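In: Give me a model of this one.
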Amino acid sequence: MATPVEFWVDPACPWCWVTARWIVDEVAPQRDLEITWQPISLLFKNDPPADSPYYAAVVSTHKLLRVMESLRAAGASNADIQRWYLYCGTKVHHDGEREFDTAAVTAALEHLGLDTTHAKAFEDEAWDAAIRTGMDVGLALVGNDVGTPIIAFTADDGVKRGIFGPVITRVPSAEQSLQVWDAMQALTTMDGFWELKRTRIEGPSFPARLDV
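Out: Residues are numbered from 1 along each chain as shown. Here you go, the predicted model:
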């Protein structure tokens, strides 16, 4: 039986993208994980000023999260929502597309074989409540002083636990990827553990572009 895991994402975040590719490419197939992709809007979380160079990108990816929540509400499978996130992340981080519009979203949904009517959610603020609800669940598990990635799972004692991270600059080898996953699970379920950290001295190095 697959192990359910929740993963909070914003397509804007490059660190989240590396971690997502780590879990999708290397961990999930070997540990039989069923990933539920949850929203964490960096627009809402960081509240950048409108004159920030960061602002336009997080507004755009926030709207992509609206589409994700529209898909979820319509009963889209975890696999379809994963395809949506991976498509968006590939466009942002490999193709350099930082801003989207309804026409681009419609074309993306059509390309993925998903209902194009969900493109209406892109400009529909009504979906922001679902994003905030999803964010609140993740932040309640890890605290408000983190961003993304957040990963959560139900431990052997039946308690759902979450952790911020792992923050990695590249996807490790297949063997190391599983070691990182197993260590993360062990630390997340250990009473009294809170943090491991060192200063980042390099930026993210993305794995090969997905053929989306």
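
In: Which parts of the protein are strands?
Out: In the chain, the strands defined using DSSP state E lie at 3-9, 33-39, 150-154, 160-164.

In: Just give me how far the third one sits from the chain centre.
Out: Between the mean C-alpha location of strand 150-154 and the chain-wide mean there is a distance of 12 Å, by C-alpha atoms, centre = their mean, to the nearest Å.

In: Could you tell me which ranges of the chain sit under the pLDDT cut-off?
Out: In the predicted model of the chain, no residue satisfies pLDDT under 70.

In: where do the helices sit along it?
Out: 14-21, 28-31, 42-46, 55-73, 78-93, 102-111, 128-142, 174-188 (DSSP state H).

In: nearest to Met1, of these?
Out: helix 28-31 (12.1 Å; C-beta to C-beta). C-beta: built from backbone N, CA, C; applies to glycine.

In: Name the residues that touch the closest one?
Out: Under the contact criterion C-beta atoms under 8 Å, 6 or more residues apart in numbering, helix 28-31 has outside partners 3, 5, 35, 174, 178, 181.

In: Look up how far Ala104 lies from the second one.
Out: When you say that, I think you mean Val5. Here the distance between Val5 and Ala104 works out to 30 Å (C-beta to C-beta, to the nearest Å).

In: Comparing these two, which shows the higher neighbour count?
Out: Neighbours per residue (other C-beta atoms under 10 Å) separate Val5 from Ala104, with Val5 holding more: 20 against 16.

In: residues in contact with that one?
Out: The contact partners of Val5, by C-beta under 8 Å, 6+ apart, come to 23, 28, 33-36, 151-153.

In: In terms of distance to Ala129, which of the residues you listed ranks first?
Out: Using C-beta to C-beta, Thr36 is the member of the contacts of Val5 that lies nearest Ala129, at 18.7 Å.

In: right, and the closest one touches Glu6 too?
Out: Yes: Thr36 lies in contact with Glu6 (C-beta atoms under 8 Å); the separation is 4.9 Å.

In: So which of the contacts of Val5 is surrounded by the most neighbours?
Out: Greatest neighbour count in the contacts of Val5, by other C-beta under 10 Å, goes to Ile151: 27 neighbours.
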